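A.B. asks: Would you be able to build a 3D model of this:
(one chain, ligands or ions: 1)
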Amino acid sequence: MVRAGLLEEDEYGQWTLSAAGWEQAREVRRRNRPDHGDEFMRREAMWEALLAAGGPGDVSAGLIRDLGIYAGARGIYVNQDRTKSTVAPNGIALSFLHTGRSFSDELTEDGVLYRYPKTNRPGDDKFEVAAAKAAYRSGLPVFVVGPGSTLTKRIVYRGYVERFDDELGALLITFTQDELPPPPPEREDENPFTLTDEASKRTYSLRQNRPNQGRFAMKVFQRYGTACAVCGLDVYGLVQAAHLRAKKRSGSDDERNGLPLCANHHLAFDRLLWAIEPGTLKLASRHSGPDLGELGISKPDLTHLKRKPHDGSVADSWQEWKKGQPDLLDTGT
Ligand SMILES: [Zn+2]
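C.D. replies: Alright, predicted model coming up:
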């Protein structure tokens, strides 16, 4: 320590930290401090500056770079110098670029379902994902930079990384100007099931209450996988998170009220061309046709899913389907 100039003898003959020693001690403390207070203030200052400059909509890419919100050419920007620490060895992600690789419908006013980067530099991808997870753990706000109204303009959203899933290769960012409450409990199946919106407003945590269409999609894909539940099609961008009790009938965003369906089978389900029989989970089509084969449905039932939708949602959608099948009404099924 003495040789490194970190300790010096003071006027009372005691060894004490030199100016350089104090600096190093402060640095060690800063790197190990979990509350990231300075970084939080820095991010808030960036946001204030962006608003003061007329943002967050339709601002120039140059302004975003000048303010330090985004730099470089990667999807996830990390200011390593400022955020690298022992608890976040890859730094803490600051901003996410919403590029052409993502589909535009995954970015809404409420948030974004953001796919992990998959570039020809897998090492960098890994570091960026680690930095995104550090943003989740730190509770620091992040920015999402999306396309503006013209090619040269951008829009910036402020939000929080709310959840991530390695198997899915995606993370969810919810946009809000406020602080985000702590994460919801892990074991969601133990939460009371809610079929309708109104009921879910009473039982969901504050965090879950924040609107974010991407949240429902992410939870549905986490629960059932990303393949269409009735034909097995598994192509990114073509499979959607469908509501069994539809949104227009106040269906809840509980993932147990959902099912991954390709765009065709989603539309066919909403048009009551097929349904799921309660109990057996067998798939049924209209007696007047088209039959399951004509609809391109290749699964006989939903028993192949490792986790099933909620009985309440299946029964509700079955009732709705039967209303459109006058020939079934008297059969007692
Ligand atoms: Zn399908």
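
A.B. asks: wouldn't Pro300 be in contact with Lys282 here?
C.D. replies: Yes - Pro300 is in contact with Lys282 according to Cβ atoms under 8 Å; the separation is 6.5 Å. From N, CA and C alone the C-beta is placed, and that goes for glycine too.

A.B. asks: pLDDT averaged over stretch 57-66 - what is it?
C.D. replies: Computed over stretch 57-66, the mean pLDDT rounds to 94.

A.B. asks: So what are the structural domains in the chain, by residue number?
C.D. replies: 31-180, 224-333 (automatic domain parsing).

A.B. asks: between the ones you listed, which one is nearest to the ion?
C.D. replies: domain 224-333 (3.1 Å; Cβ to the ion).

A.B. asks: In contact with Phe221, which residues are there?
C.D. replies: With contact taken as Cβ atoms under 8 Å, 6 or more residues apart in numbering, Phe221 is in contact with Asp165, Leu168, Ala170, Ala241, Pro260.

A.B. asks: can I get the residues you listed in CSV with secondary structure and neighbour count?
C.D. replies: Rendered in CSV, the data for these read as follows (DSSP: H, G, I helix; E, B strand; the rest coil; neighbours: other Cβ atoms under 10 Å):
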residue, secondary structure, neighbour count
Asp165, strand, 14
Leu168, coil, 17
Ala170, strand, 23
Ala241, strand, 24
Pro260, strand, 24
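
A.B. asks: The residue nearest to the spatial centre of the chain: which element?
C.D. replies: Nearest to the geometric centre of the chain sits Leu172, at 1.2 Å (Cα atoms, centre = their mean). Secondary structure assignment for Leu172, by DSSP states H and E: strand 170-175.

A.B. asks: after the helix or strand bottoming out on mean pLDDT in the chain, next one along is what?
C.D. replies: Lowest by mean pLDDT, DSSP states H and E among the helices and strands of the chain is helix 206-209, with a mean of 52. Where DSSP H and E defines the elements, the next helix or strand beyond helix 206-209 is helix 213-224.

A.B. asks: Just confirm Thr99 contacts Arg74, I think it does.
C.D. replies: No - in this structure, Thr99 is not within contact of Arg74 by Cβ under 8 Å, at 9.9 Å.

A.B. asks: Look at those two and report which has more neighbours.
C.D. replies: Applying other Cβ atoms under 10 Å to Thr99 and Arg74 shows that Arg74 carries more neighbours, namely 18 against 13.

A.B. asks: I figured the more buried one hits Glu128, correct?
C.D. replies: Yes - applying Cβ under 8 Å as the test, Arg74 and Glu128 come out as touching, 6.6 Å apart.

A.B. asks: returning to that earlier point: quick check: angle from the strand holding Leu172 to helix 213-224?
C.D. replies: Here strand 170-175 runs at an angle of 150 degrees relative to helix 213-224 (axes from the mean of the first three to the mean of the last three Cα atoms, to 10 degrees).

A.B. asks: Who does strand 170-175 pair with, and is each partner parallel or antiparallel?
C.D. replies: strand 111-115 (antiparallel), strand 153-165 (antiparallel) (DSSP bridges).

A.B. asks: what does it contact?
C.D. replies: Counting by Cβ under 8 Å, 6+ apart, residues outside strand 170-175 touching it are 96, 109-116, 132-133, 136, 142, 144, 157-165, 180, 207, 210, 212, 214-215, 218, 221.

A.B. asks: and the ion, which of those reach it?
C.D. replies: When the contacts of strand 170-175 are checked against the ion using Cβ under 5 Å from the ion, none falls in range.

A.B. asks: Please type out the PyMOL selection for whichever of those turn out to be buried.
C.D. replies: To isolate the buried ones among these in PyMOL, judged by 16 or more other Cβ atoms under 10 Å, type:
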select buried, resi 96+110+111+112+113+114+115+116+132+133+136+142+144+157+158+159+160+161+162+163+164+180+207+210+212+214+215+218+221
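
A.B. asks: Just say helix, strand or coil for Lys322.
C.D. replies: Following DSSP: H, G, I helix; E, B strand; the rest coil, Lys322 is assigned to helix.

A.B. asks: Distance-wise, check it relative to Leu305.
C.D. replies: In this structure, Lys322 and Leu305 are 23 Å apart, going by Cβ to Cβ, to the nearest Å.

A.B. asks: what's the answer for Gly72, then?
C.D. replies: According to Cβ to Cβ, Gly72 and Leu305 sit 41 Å apart.

A.B. asks: what's the answer for Val156, then?
C.D. replies: Here the criterion is Cβ to Cβ. By it, Val156 lies 39 Å from Leu305.

A.B. asks: Neighbour count: those two, which is higher?
C.D. replies: Applying other Cβ under 10 Å to Val156 and Leu305 shows that Val156 carries more neighbours, namely 23 against 17.

A.B. asks: just the helices in the protein please.
C.D. replies: Applying DSSP state H to the chain gives helices spanning 19-32, 37-52, 61-66, 80-83, 122-138, 197-203, 206-209, 213-224, 263-270, 311-323.
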